[in-house]
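A.B. asks: following is a predicted model, sequence given first.
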Amino acid sequence: ASSSRTDTKKSKDTAANNAGSLLLDESDPHKLIYKFFKGLLREWEEELAQRPDSVKQSAVGKNDTKTLKQCKDYIRPLFKLCKNRTLEENMMHHIIKIVKSCQRGEFVEAHDAYMDLAIGRAAWPIGVTMVGIHARSGRAKIESANVAHVMNSELQRKYLTSVKRLMTYVQKKNTTVAPSKKVLN
């Protein structure tokens with residue numbers, strides 16, 4: 001039992017080191033995004049494969065396996081965009097910020113970048129927006145270019161969901177980070 005705890009601790013340390021080792025590859029942002037998330041998927045898959053059969057066959061174990069499979073399926077379009085180098089500049093900026101923040105162990109900062117990417121900073125009108133015959137000056141801000149990416153397409157929503165799951169995974173794996181730098185669910 002103690003050797004399995006040691007192996008688990010080693011794999012956690014390896015995950016943290018692998019996530020941090022990609023910090024040097026800043027010359028190609030598409031490659032950085034691809035390698036970071038692909039590496040996390042691989043580590044997560046290895047971790048699930050190392051579980052005892054009793055855990056794999058349990059309801060929680062089967063659910064974890066399904067979650068990983070769905071995550072892999074949903075993130076494929078992002079990988080394709082990175083390979084083809086067709087990821088939108090604005091989205092790439094936010095995802096790079098997420099990757100670098102995760103590598104540094106700044107998970108609150110990564111979560112903020114994710115929220116900017118997912119729902120944006122646009123004004124969200126509450127209630128009735130057009131009550132008179134004259135347009136309000138604040139109306140232009142509501143319809144500005146700050147709209148959220150995730151609302152634009154189902155594909156983007158799915159791969160951003162996978163990005164968030166992988167952010168949560170790397171946060172759980174990185175045990176050396178202070179609790180104040182983690183996002184609590």
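C.D. replies: Okay, I see it.

A.B. asks: in the helix ranked longest in the chain, what counts as buried?
C.D. replies: In the chain, assigned by DSSP state H, the helix with the most residues is helix 59-84. The neighbour-count check on helix 59-84 (16 or more other C-beta atoms under 10 Å) flags 61, 64, 68, 71, 74, 75, 78, 79, 81, 82 as buried. In this view, the C-beta of every residue, glycine as well, is placed from N, C-alpha and C.

A.B. asks: low-scoring stretches of the chain, by residue?
C.D. replies: Counting by pLDDT under 70, the chain contains low-confidence ranges at 1-26, 123-152, 185.

A.B. asks: any chance you could map the helices in it?
C.D. replies: Taking DSSP H as the test, the helices found in the chain are 2-21, 29-49, 53-57, 59-84, 89-104, 107-119, 139-142, 154-173.

A.B. asks: out of these, nearest to residue 181?
C.D. replies: helix 107-119 (5.7 Å; C-beta to C-beta).

A.B. asks: so that closest one versus helix 154-173, what angle?
C.D. replies: Here the directions of helix 107-119 and helix 154-173 differ by 170 degrees (axes from the mean of the first three to the mean of the last three C-alpha atoms, to 10 degrees).

A.B. asks: buried sites along helix 107-119?
C.D. replies: 107, 109, 110, 111, 112, 113, 114, 116, 117, 118.

A.B. asks: repeat that for stretch 39-53.
C.D. replies: The neighbour-count check on stretch 39-53 (16+ other C-beta under 10 Å) flags 39, 40, 41, 43, 44, 47, 48 as buried.

A.B. asks: hang on, the earlier thing: give me the helices and strands touching the longest helix of the chain, please.
C.D. replies: helix 29-49, helix 53-57, helix 154-173 (3 or more C-beta pairs under 8 Å, 6 or more residues apart in numbering; DSSP states H and E).
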